[in-house]
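Asker: make a model of this:
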Amino acid sequence: MSTFLTILLIILAFFGGMLAGMYLLRKQFEKEFASNPRLNVEAVRTLLGASGQRPSEAKVQQVYRQILNQQKASLNTKKK
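Answerer: Residues are numbered from 1 along each chain as shown. This is a model prediction of the structure:
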């Protein structure tokens, strides 16, 4: 009987550790992406320039701000 309880506790501890590890890893990734956005101004300029015309700096900054605001809004809605 005691071996069954020992095995059960080991299994529960294993799954509890896995869940805690996944939760902490997810929080770390969210923090990293919030502080270091995946796109920068140069990447946005390249994406807009791929259409064959040279985008204005105002348009590049506008699109970049929109992307950052969408990322922030996405993170805020996930927190609630």
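Asker: phi, psi of S56?
Answerer: Torsion angles at S56 (phi, psi; degrees, to the nearest 10) stand at phi -70, psi 160.
Asker: same check on R54?
Answerer: Phi and psi for R54, reported as degrees, to the nearest 10, are phi -90, psi 120.
Asker: with the one 4 residues further on instead?
Answerer: Torsion angles at A58 (phi, psi; degrees, to the nearest 10) stand at phi -60, psi -40.
Asker: how many neighbouring residues does it have?
Answerer: Applying other CB atoms under 10 Å, we find 8 residues neighbouring A58. Using the backbone N, CA and C atoms, a C-beta is placed for each residue, glycine as well.
Asker: gap between it and L24?
Answerer: A58 is 41 Å from L24, where distance means CB to CB, to the nearest Å.
Asker: shaky segments in this protein?
Answerer: Filtered on pLDDT under 70, the chain yields the residue ranges 78-80.
Asker: look up phi and psi at the residue nearest the centre of the chain.
Answerer: Central residue of the chain (CA atoms, centre = their mean): E30, 4.2 Å from the mean position. Main-chain torsions, E30, degrees, to the nearest 10: phi -60, psi -40.
Asker: break the chain down into its domains, please.
Answerer: 1-36, 37-80 (automatic domain parsing).
Asker: okay, the ones you listed, which one's buried deepest?
Answerer: Stretch with highest mean neighbour count among the domains of the chain: domain 37-80 (a mean of 12; mean count of other CB atoms under 10 Å).
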